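> Sharing a sequence plus its predicted fold:
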Amino acid sequence: GQQLNQSPQSMFIQEGEDVSMNCTSSSIFNTWLWYKQDPGEGPVLLIALYKAGELTSNGRLTAQFGITRKDSFLNISASIPSDVGIYFCAGTSPQGGSEKLVFGKGTKLTVNP
Amino acid sequence: NAGVTQTPKFQVLKTGQSMTLQCAQDMNHEYMSWYRQDPGMGLRLIHYSVGAGITDQGEVPNGYNVSRSTTEDFPLRLLSAAPSQTSVYFCASSYSSVSRGYFGPGTRLTVT
């Protein structure tokens, strides 16, 4: 099946630093999504990307849909302690008449105050 | 508007027992799906539904059954629980595709 390779697995940064994480795949996706999961909670959608080359921002978060449709990155600027959590990329592609969502394995972010 | 709700929040089962994880949404979403989350594995799709009366298998469907008799509810059944099914289970729903999913708070299941 389709797989997403998400990196890095974990990051330890100081408050105020910028963060960058990415996802790659050997398959083409129609949609790229970035989720954040806080401990004990379900994932929450941060940014959705629908077109190749699309660059979208949500506050301090910026994400891009790669031109080849096989990759995406998420940047967080000026990190703060509440950015701590696990960030997941996800991609969708048509399968059997509907779209299935495939998740990367996540990037665990720790922010030291 | 409660969004996506899941019950129970925690459950311990013995091997061979059966149970149903409940999922409900009040957003009139057509698409609903079940994922399991294991350490280091991300979220894996178990089953999904594109509307009432229609279900299909995801990546890891073995050992699980689903049905969708109403738009609002999408229960996940474990017929004979196994330790390998120890996991956190998330239900999600969306309007027109799983790409705009809203996730429930999860059910943490332990099978001993």
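Yes, it's here.

> Skipping adjacent residues, who's closest to residue A:47 in space?
Leaving out its chain neighbours, the residue that sits closest to residue A:47 by Cβ to Cβ, 6 or more residues apart in numbering or on different chains is residue A:63, at 4.3 Å. Where C-beta positions appear, they are placed from N, C-alpha and C, glycine not excepted.

> Tell me who's in contact with the one you found.
For residue A:63, the contacting residues are A:32, A:34, A:46, A:47, A:49, A:55, A:56, A:57, A:72, A:73, A:74, A:75, by Cβ atoms under 8 Å, 6 or more residues apart in numbering or on different chains.

> And the fifth one, what's its pLDDT?
So that's residue A:49. Per-residue confidence (pLDDT) for residue A:49: 93.

> before we move on, what about the first one?
Note on residue A:32: pLDDT of 92.

> Cross-check the contact I'm expecting between it and residue A:49.
Yes. Here residue A:32 reaches residue A:49: they are 4.4 Å apart, a contact under Cβ atoms under 8 Å.

> Show me which of these two is the more surrounded one.
Each of residue A:32 and residue A:49 has its neighbours counted (other Cβ atoms under 10 Å in any protein chain shown); residue A:32 has more, 31 against 24.

> Tell me the bridge partners for that one.
Under the criterion DSSP bridges, residue A:32 forms beta bridges with residue A:49, residue A:91.

> Flag the shaky bits of chain A, pLDDT-wise.
A:1-2, A:95-98 (pLDDT under 70).

> would you list every one of the strands in it?
A:5-7, A:10-14, A:19-24, A:31-37, A:44-49, A:55-58, A:61-65, A:71-76, A:85-95, A:98-103, A:107-112 (DSSP state E).

> Kindly report the same for chain B.
Going by DSSP E, chain B shows strands at B:4-7, B:10-13, B:19-25, B:31-38, B:42-51, B:54-57, B:64-66, B:76-78, B:87-94, B:102-103, B:107-111.

> what sits against residue 51?
Reading this off chain A. Counting by Cβ under 8 Å, 6+ apart, residue A:51 has contacts residue A:65.

> Not quite, go with chain B.
Taking Cβ under 8 Å, 6+ apart, we find residue B:51 in contact with B:30, B:31, B:68, B:71.

> Deepest-packed of the strands of chain A, please.
Among those, strand A:31-37 has the highest mean neighbour count (mean count of other Cβ atoms under 10 Å in any protein chain shown), at a mean of 24.
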